[in-house]
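Engineer: for reference, the sequence and a predicted model appear below.
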Amino acid sequence: MAQTKSATLTVRIQPAVKEGLRAMSEQERRSLANMLEVMILDYCGRNGIAIDKQFDFGKKKRP
């Protein structure tokens, strides 16, 4: 299976939004980047936007 490099995305968000993202990522035991990716994949799935993906990022990984 061919692997692709991840892409860099730089965004500006309000501090309160970042704090919410941080709280969510801690609750889910994910990095900020992974939490954003999960949220985007979920949003796209719920709105019929197809994303070609190799892995199921939506599954929670629990210790």
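Structural biologist: Yes, it's here.
Engineer: hey, let's count contacts and neighbours off CA atoms from now on
Structural biologist: Fine.
Engineer: what's the weakest-modelled helix or strand in the protein?
Structural biologist: Lowest by mean pLDDT, DSSP states H and E among the helices and strands of the chain is helix 32-46, with a mean of 94.
Engineer: now for it, which elements pack on it?
Structural biologist: Counting contacts by 3 or more Cα pairs under 8 Å, 6 or more residues apart in numbering; DSSP states H and E, helix 32-46 is packed against helix 15-28.
Engineer: quick one: low-confidence parts of the chain?
Structural biologist: The model of the chain has pLDDT under 70 over residues 1-3, 53-63.
Engineer: and stretch 30-46, what's buried?
Structural biologist: For stretch 30-46, burial by neighbour count (16 or more other Cα atoms under 10 Å) applies to 30, 32, 35, 38, 41.
Engineer: now those in JSON lines, with distance to residue 12?
Structural biologist: Below are those laid out as JSON lines (distance: Cα to Cα, whole Å):
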{"residue": "30", "distance to residue 12": "20"}
{"residue": "32", "distance to residue 12": "14"}
{"residue": "35", "distance to residue 12": "16"}
{"residue": "38", "distance to residue 12": "19"}
{"residue": "41", "distance to residue 12": "20"}
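Engineer: just want the most central residue of this protein.
Structural biologist: residue 37 (1.7 Å; Cα atoms, centre = their mean).
Engineer: quick one: that residue from residue 7, how far?
Structural biologist: Counting by Cα to Cα, to the nearest Å, the gap from residue 37 to residue 7 is 11 Å.
Engineer: go on, residue 27?
Structural biologist: Distance of residue 27 to residue 7, given as Cα to Cα: 25 Å.
Engineer: between those two, who's got more neighbours?
Structural biologist: More crowded of residue 27 and residue 7, by other Cα atoms under 10 Å: residue 27, with 9 against 5.
Engineer: distance of that one from residue 21?
Structural biologist: 10 Å.
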